[in-house]
Structures are given as C-alpha cells and as structure tokens.
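>>> predicted structure and sequence below. I'll ask about it afterward.
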Amino acid sequence: MDRLRAFEVFVTVVQRGSFVRAADALNTSAANVTRYVNELERHLGTRLLQRTSRRLSLTESGEALHERARTLLDDVAEAEALASASTVQARGRLRVNAPLSFGILHLAPLWPRFMALHPEVELEVSLSDRVVDLVEEGYDLAIRISRGGAAASQVTRRLSTSRNVVCAAPAYLKRHGRPGRLEDLDRHVCVSYSNSSMAEEWPLSDAAGTTRVVRMRSVMQANNGDTVRAAGLAGLGLIWQPTFLIGEDLRAGRLVRVLPEWSLPDIDILAVYPSRRHLSAKVRLMIDFLAEQFRGTPSWERALRE
C-alpha cells in the first residue's frame, strides 16, 4: 500500500465529506477511494470513519490521524515546492497564534492581504492571551507582546514596539484631580491588567533613568486589555495600556495621559517560531510580510503625533 497516497485519499474524503466527492477531486473512482481507506484501516488495525447512508464522521482514531496526515501532506507539498526551481509558491496549512486585542485590531486586516499574495496557503488563526506551546500545540508561528522576549529554544523577530502609557478618562480626572507628582498617585485608584507583573506595582522611569516602583490600589482587575480600556474610558480609575490599544483614544481625548515625564517599560511585538523546526517557505513569507507591514513608525504611534 502506498501510505502517502492513502493519507491523501483519507484526508480528501474527510474534507469533501463523501467518497464520491473525494473521487472527483482526486480524479479517480469511488471504488478506488474506498479501497485505499479500507486498506489504511486494516494496516492501522482501527476504524477511522463511521459510515452511514447519510454522512461520514471521524472516529477518535480518525480525528488523530486526520490532524497528523494533513500536517504530513502539507510538509510534503512544501518540500516539493522548495525543491522545485520552477515554483516559489507557498502552500499548505499555516497555523498562527496571536494575542486577542492586537490580533483583532492590527492583524485581522492583514490576513486577506497575505492570502491574496499566497492563495495556496490555508491560514488558521487562533487568538488567545495565553502563551501557547508552539511545538506541543502544533503552531507554526506566534505573535507575542513581550517585555522579556521568548524562551531560549525559540527564535524571535521584532516586528514593532509599543509604549505603555498611564492615562485616565477626563471625567475621572475632573472628580479626583490630575496627579502632578508620583506621590500624588497615593490618592488615586487604578484598573489593573492582571496578566502583567506590573498590575499594581508600576515601575516608572524618568528621562534621567531613575526608576521608582509605585504601589497602586486596584478597584478592578481584568486579564484582557480591552476590558481594562473600557473601565478606564468609563472613569473607574487610572489605567496603563499599550499605545497599540489606546492610541486613538489618546489622540481623540477620550483618555488623557498623566505624568508624561514618567514612563513604563516599552513592549515589543515579536514573531516567534520554534528554532528546532525547519523554517518553511510559508512561515518565512508570513514573517517577512508582517515585518513589512509594521515597518517604520507604527500607526498607533502616528496617531499620537497627529
């Protein structure tokens, strides 16, 4: 049995939802498709598909094989493309993980542009503020918002930088006053971003490089920047958030920067990928594409200067 061909047939059956449609896609007969699937099941000693007169469904073993087989076929197609001097077309599935807020605001508009450039790539995007394990969870690439870089076993490429800005809504400042010195922060409350080590202890630095850690009292905590932003806009307290999230609010006056002579550490927007895996064409092209899109002064910083 040609196992690679059997995997291709099996994956096509799952994708098309029937043996007949798979046969059409593969330019072969339905009987031939059935033979390949039956031989694959006999070889593995397990049933992969539940067949009824109306529909096909994957068994638990079938689900596991389908995921692995798709990856294998993508890798084979990629290897063929790399080895062929006549084609530079990236193809196959590309799994990308990105933070929720940044992914929605700044990455979502870019995916259609990338797909238009590389129509043979099957893009799968997962948004989560959780730091995923790229290898264990099968991601090709992650976009990270980080002050500390990535693990030593991973490779990173910096795409851009964003400032963290302490600010508040005008209504809050009208009620509680605008702090003029660090000591004034003792009289204020904050809405804290609980995913950060700076949630309630703010390491503020001045132009001379002096850093002072200010302990803030939090009236609300959230593990999502959009939620912190919304609470800040509603006047619940002081907040700090990256300019990629609140740049337009600062430009429009919906939020007002406080203590501008003191700053929090900047953060990097990084492309992260596993160093022990071969950097495929589709990953390399995605990284180069994103680097080009974020080249120069990012839009969130330009908004503050307008």
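Yep, that arrived.
>>> flag the shaky bits of the protein, pLDDT-wise.
Applying pLDDT under 70 to the chain picks out residues 53, 77-89, 148-154, 275-278, 303-306.
>>> if you count neighbours, what's buried in whichever strand or helix holds Ala230?
Using DSSP states H and E, Ala230 sits within helix 225-233. By neighbour count with 16 or more other C-beta atoms under 10 Å, helix 225-233 contains the buried residues Gly225, Val228, Arg229, Ala231, Gly232, Leu233. C-beta: built from backbone N, CA, C; applies to glycine.
>>> next one: stretch 36-47
For stretch 36-47, a neighbour-count test (16+ other C-beta under 10 Å) marks Tyr36, Val37, Leu40, Glu41 as buried.
>>> so which of the residues you listed are in helices?
Tyr36, Val37, Leu40, Glu41 (DSSP state H).
>>> please look at the third one and Arg5 and confirm they touch.
No: with contacts counted by C-beta atoms under 8 Å, Leu40 stays clear of Arg5, the gap being 9.7 Å.
>>> now the ones in helices among the buried residues of stretch 36-47 as JSON lines including distance to Arg157?
Formatted as JSON lines, these follow (distance: C-beta to C-beta, whole Å):
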{"residue": "Tyr36", "distance to Arg157": "41"}
{"residue": "Val37", "distance to Arg157": "42"}
{"residue": "Leu40", "distance to Arg157": "40"}
{"residue": "Glu41", "distance to Arg157": "43"}
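>>> strands of the protein, start to end?
For the chain, the strands defined by DSSP state E cover 49-51, 56-58, 92-98, 121-127, 141-146, 154-162, 164-168, 189-193, 201-205, 211-215, 217-222, 239-242, 256-257, 267-274.
>>> neighbouring strands - and their directions - for the second one?
Spelled out, it's strand 56-58. Applying DSSP bridges, strand 56-58 is found paired with strand 49-51 (antiparallel).
>>> hmm, who's touching the strand it pairs with?
Residues outside strand 49-51 that contact it (C-beta atoms under 8 Å, 6 or more residues apart in numbering) are Val13, Val14, Val37, Glu41, Leu56, Ser57, Leu58, Thr59, Gly62.
>>> neighbour-wise, which one of those residues leads?
Val13 (27 neighbours; other C-beta atoms under 10 Å).
>>> can you pull the contacts of it?
Neighbour list for Val13: Phe19, Ala22, Val33, Val37, Leu49, Leu56 [criterion: C-beta under 8 Å, 6+ apart].
>>> nearest to Asp133 among those?
Leu49 (30.1 Å; C-beta to C-beta).
>>> the domain parsing of the protein - what is it?
What automatic domain parsing lists as the domains of the chain is 3-83, 92-160+267-305, 164-257.
>>> tell me how far the last one is from the chain's mean position?
Going by C-alpha atoms, centre = their mean, to the nearest Å, the spacing between the C-alpha centre of domain 164-257 and its chain's C-alpha centre is 25 Å.
>>> do the longest one as well
For domain 92-160+267-305, the gap between its own C-alpha mean and the chain's C-alpha mean amounts to 6 Å (C-alpha atoms, centre = their mean).
>>> same thing with the shortest one?
Using C-alpha atoms, centre = their mean, the mean C-alpha position of domain 3-83 is found 29 Å from that of the whole chain.
>>> excluding chain neighbours, what is closest to Ala30?
Ala23 (4.4 Å; C-beta to C-beta, 6 or more residues apart in numbering).
>>> apart from its chain neighbours, what residue comes closest to Leu48?
Gly62 (3.7 Å).
>>> quick check: the residue positioned nearest the centre of the chain vs Phe19, distance?
The centroid of the chain falls nearest to Ala98 when counting by C-alpha atoms, centre = their mean (1.0 Å). Between Ala98 and Phe19 the computed distance is 37 Å (C-beta to C-beta, to the nearest Å).
>>> thanks a lot, see you next time.
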